[in-house]
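Dropping a prediction and its sequence here:
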Amino acid sequence: MISALNELRKHAKRLADARIDALFGGSGRFENYSASGAGILLDYSKTLIDDAVRSDLLHLAELRGVEALRDAMFRGCKVNITEKRAVLHVALRADDAATLPLEGEDIMPMVRAGRERMFEFAEGVRSGAINGVGGTFTDVVNIGIGGSDLGPETVVHALEPYCDGPRVHFVSNADGASVGDVLKHLDPSRTLVLVVSKSFGTVETAINADTARAWLVDALGEQAVGDHFAAISVNKPAVAAFGIRPDRRFDMWDWVGGRYSVWGAVGMSVALAIGAARFNEFLAGARAMDDHFREAAPQQNLPILMGLVGVWHRTILGYPTRAVAPYDHRLSRFPSYLQQLDMESNGKSVRADGTRIVGATGPIVWGATGTNSQHAFFQLLHQGTDVIPVEFLIAGRGHEPGLDSHHKVLMANCLAQSRALMCGRSGDEARAEMLAAGSGEAEADRLAPHRHFEGNRPSVTLVYEKLTPETLGSLIALYEHRVLVEGALWGINSFDQWGVELGKALAEELSGAFDDPAVLPEGGDCSTSGLAAALNAHRGKG
């Protein structure tokens, strides 16, 4: 294993002075360094990867058992080894004929029954058969955090052209502004509230749910709670104590992690927005990517190739971040979704066997939509001191046929940015351009260094026909599986998230200090105590 990594490091030294655009010297690089599957084209030709690098990356994947881990996940093995759990979000989108034994029992009848219950409820709300005190629900408020918020919110925003149900709003932050800004615009008599929390005890979700409940009860009375709330949770007693009826509680399973859960009942807000038929198309897209991941040869396998490129950039070349730039306005929440999916999964410094990792693992994931991002952070991408790989996403067609001129501008900008990052512009070229435009020689000499672009900045591009429910399902599944591939290559467990626990525990200890400063935990630091005192002083002015 170490020798395989060392071979890759030798390649990095060999290519230290090479340029990506020089790899295009012969014909056929695009064809040789692109692959397609489940309606998505991946172009990774604009990276500093040649045949020898790719061969050794594929060899590393073989040594690390990427395909074996993939197959074990799909079989229901407990690949989440620290929590001794299976990882079966793929079961939530499996077709109706599928069987999937888990500890000797086929879980697919349970999955299908849960999906049917979700669809029955969603279609009842959409049709008006299930309604509130004021009649048909016009608005839905999804209260959750992490995977109970980011996944559904990303999907609802992305599929706006298909949203023909009630308006869906999302509340996640514990900041009262989050829930306050949503509720103040709604009619409680025509609002349905979804509380999405496996434990029904997550602090941020609980406080927002209590606030929404008080808002509803104040307007409609206690008896309205049962008609205006539903829950996605396993905690039956807590859900019942809140006042939610048993037929309005939908299940989650411990073999589906939160950040992988939009495919099931956690996606209720999606089903309410787009309906059961479109939701099934969303599942079908993910299922197509699952099939591609399982069946395509590694050298043509999109998740494997993206994982190999990611590890080449992060571990071998040492690039600390990756930027995601969807040239698709409706994917505005996609970078945030990927932040959780990727960084909560692979932000680890310990191997699956408990030993410390030497070298870099999960990168910082960030980004925004194009062309807005061009006018925000692309200056740094082009001329900053760090090399930051970029992942571009672009559709061949938009949803607004009458505005095709807009889409042409969008596509041109996307391709131009990836080319500019790769090719750059030399100082001599900049000087010649200024002279041709009429600048004097002194002015051209003065400005040429400022208009010099190094280039040689890598990027990958994902192309798809149109952002449909099916395409979105494929895209999300692609990134889910890329996480598994990278985790396997780093030798880590991508499916736990112990790093989020300590802050939660400390927050519970500190929460009482804002009612009584005397209850600050013993053994704390003077900074935390001082800050708590300063905040209490400000609160006292209210």
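Nice, I can see it.

Skipping adjacent residues, who's closest to residue 447 in space?
In this structure, residue 447 finds its nearest non-sequential neighbour in residue 434, 6.3 Å apart by C-beta to C-beta, 6 or more residues apart in numbering. (C-beta placed from N, C-alpha, C; glycine too.)

quick one: that neighbour is in a strand?
No - applying DSSP: H, G, I helix; E, B strand; the rest coil, one finds residue 434 to be helix, outside a strand.

so how many other residues sit close to it?
Counted with other C-beta atoms under 10 Å, the neighbours of residue 434 add up to 19.

Phi and psi next, for the nearest residue in space to residue 336 that is not next to it in sequence.
Of all residues not flanking residue 336 in the chain, residue 150 sits nearest, at 6.2 Å (C-beta to C-beta, 6+ apart). Backbone torsions for residue 150, taken as degrees, to the nearest 10, come to phi -60, psi -40.

you'd agree residue 150 is up against residue 261?
No - judged on C-beta atoms under 8 Å, residue 150 makes no contact with residue 261 at a distance of 10.3 Å.

if we can go back for a sec, need the contact list for the residue nearest to residue 447.
443, 444, 447, 448, 451 (C-beta atoms under 8 Å, 6 or more residues apart in numbering).

Look up phi and psi at residue 424.
Dihedral angles of residue 424 (phi, psi; degrees, to the nearest 10) stand at phi 70, psi -160.

tell me the contacts of it?
With C-beta under 8 Å, 6+ apart, residue 424 has these contacts: 382, 452, 453, 454, 455, 456, 457.

ok, it to residue 50 distance?
Distance from residue 424 to residue 50, counting by C-beta to C-beta, to the nearest Å: 19 Å.

Please apply the same query to residue 25.
The spacing between residue 25 and residue 50, counted by C-beta to C-beta, is 11 Å.

Show me which of the two is the more surrounded one.
The residue with more neighbours, out of residue 25 and residue 50, is residue 50; 16 against 7, by other C-beta under 10 Å.

I'd assumed residue 14 was in contact with that one.
No - if you go by C-beta under 8 Å, residue 50 and residue 14 don't touch, sitting 9.2 Å apart.

any idea which helix or strand of the protein has the worst average confidence?
Least confident helix or strand of the chain, by mean pLDDT, DSSP states H and E, is helix 501-511 with a mean of 77.

packing partners for it?
helix 203-220 (3 or more C-beta pairs under 8 Å, 6 or more residues apart in numbering; DSSP states H and E).

following the helix it packs on, which helix or strand shows up next?
Per DSSP states H and E, helix 203-220 leads on to helix 225-228 as the next helix or strand towards the C-terminus.

For that following helix, C-alpha coordinates in PDB please.
What follows is helix 225-228, C-alpha atoms only, in PDB (Å, rounded to 0.1, in the frame of the first residue of the first chain):
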ATOM      1  CA  VAL A 225     -51.800  20.000  16.700                       C
ATOM      2  CA  GLY A 226     -52.800  16.600  15.600                       C
ATOM      3  CA  ASP A 227     -54.100  17.900  12.200                       C
ATOM      4  CA  HIS A 228     -51.200  20.200  11.500                       C
END
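
what about that helix, distance to the chain center?
Here the centre of helix 225-228 is set off from its chain's centre by 32 Å, with C-alpha atoms, centre = their mean, to the nearest Å.

do stretch 347-359 as well
23 Å.

Same check on stretch 493-501?
Here stretch 493-501 is found 16 Å from its chain centre; the criterion is C-alpha atoms, centre = their mean.

Can I get that stretch in PDB? Just the C-alpha atoms.
Extracted C-alpha coordinates of stretch 493-501, given in PDB (Å, rounded to 0.1, in the frame of the first residue of the first chain):
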ATOM      1  CA  ASN A 493     -14.800   4.800   7.900                       C
ATOM      2  CA  SER A 494     -16.900   7.300   5.900                       C
ATOM      3  CA  PHE A 495     -20.100   6.500   7.700                       C
ATOM      4  CA  ASP A 496     -19.700   7.700  11.300                       C
ATOM      5  CA  GLN A 497     -19.400  11.300  12.600                       C
ATOM      6  CA  TRP A 498     -18.000  11.300  16.100                       C
ATOM      7  CA  GLY A 499     -16.500  14.700  15.500                       C
ATOM      8  CA  VAL A 500     -19.900  16.400  16.000                       C
ATOM      9  CA  GLU A 501     -20.500  14.900  19.400                       C
END
